[in-house]
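**Q** Predicted model follows, preceded by the sequence.
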Amino acid sequence: MTVYDYNAKTIGGKEVPLEQYKGKTLLIVNTASKCGLTPQFSGLQELYDKFKGEDFEILGFPSNQFAGQDPGSNEEISEFCQLNYGVSFPMFEKINVNGSAAHPLFKYLSEEAPGILGSKAIKWNFTKFLIDAEGNPIKRYSPQTTPDKIEDDIRKQL
């Protein structure tokens, strides 16, 4: 299995196979609009602008599972991200990232790239997963790891 074996709905509601990103390095992030870490959207957009021409994509997945910090509709989330942070990387519909109702992609990512001490659960908003060009998760980053700290790892994959 790889991330290419999964589908997800864009924030606009269109079902897409993640296979469409085959051959690209990916950074998959669970996001939130009302979190203390929300300003990371700026850093994520900077990374995207820097590397998007080099077979790199960021995929954002809003989640309201952590202290209700993304309560809006998909439309409200999309508007917030574009207006406040100029987000132009692909955003997907709001999902669960933990528990029995977790999106299958995040169940897979949690298994394949566990956190500190082997923890599989996603601890908070803005957990990030770096995916190689073959669709394999290669590293998980904590919510506190800012996007600029991931730049060297992305560059190595490209």
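**A** Cool, got the structure. If you're wondering where the values come from, they're calculated on a predicted model, not measured in any experiment.
**Q** per-residue confidence at I154?
**A** pLDDT, I154: 96.
**Q** Repeat that for C81.
**A** C81 carries a pLDDT score of 85 in this model.
**Q** and it, how many neighbours?
**A** For C81, the neighbour count with other CB atoms under 10 Å is 23. To be clear about C-beta, it is placed using only N, CA and C from the backbone, and glycine gets the same treatment.
**Q** before we move on, what about P137?
**A** 20.
**Q** thought it was touching L130?
**A** Yes - between P137 and L130 there is a contact at 7.3 Å, judged by CB atoms under 8 Å.
**Q** which neighbours do the two share?
**A** Residues touching both P137 and L130 (CB atoms under 8 Å, 6 or more residues apart in numbering): none.
**Q** can you pull out the strands in the protein?
**A** Here the chain has its strands, by DSSP state E, at 7-9, 15-17, 25-31, 56-62, 128-131, 137-141.
**Q** ok, and what's touching stretch 94-104?
**A** The contact list for stretch 94-104 (CB under 8 Å, 6+ apart) reads 6, 8, 30, 61-65, 70, 74, 77, 106, 110, 121-122, 127.
**Q** er, stretch 126-136 I mean
**A** For stretch 126-136, the external contacting residues (CB under 8 Å, 6+ apart) are 2-5, 18, 21-32, 35, 37, 40, 55, 97, 109, 112-113, 115, 137-143, 145, 147, 150, 153-154, 157.
**Q** Repeat that for stretch 108-118.
**A** 1, 3, 5-6, 28, 97-98, 102, 120-123, 127, 129, 136-140, 142.
**Q** please redo it, this time with the cut-off set to 6 Å
**A** Residues from elsewhere that reach stretch 108-118 (CB atoms under 6 Å, 6 or more residues apart in numbering): 120, 129, 137, 140.
**Q** Look at the second one and say how many residues are nearby.
**A** Counted with other CB under 10 Å, the burial measure for F129 works out to 24 neighbours.
**Q** Can I get the helix or strand of the chain with the lowest mean pLDDT as PDB, trimmed to CA atoms?
**A** In the chain, the helix or strand scored least confidently by mean pLDDT, DSSP states H and E is helix 74-85, which has a mean of 89. The C-alpha coordinates for helix 74-85 follow below in PDB (Å, rounded to 0.1, in the frame of the first residue of the first chain):
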ATOM      1  CA  ASN A  74     -15.800  23.300   4.100                       C
ATOM      2  CA  GLU A  75     -16.700  26.500   2.300                       C
ATOM      3  CA  GLU A  76     -15.900  28.700   5.300                       C
ATOM      4  CA  ILE A  77     -12.600  26.900   5.900                       C
ATOM      5  CA  SER A  78     -11.600  27.400   2.200                       C
ATOM      6  CA  GLU A  79     -12.500  31.100   2.300                       C
ATOM      7  CA  PHE A  80     -10.600  31.600   5.600                       C
ATOM      8  CA  CYS A  81      -7.400  29.900   4.300                       C
ATOM      9  CA  GLN A  82      -7.400  31.900   1.000                       C
ATOM     10  CA  LEU A  83      -8.300  35.300   2.600                       C
ATOM     11  CA  ASN A  84      -6.000  35.100   5.600                       C
ATOM     12  CA  TYR A  85      -3.100  33.100   4.300                       C
END
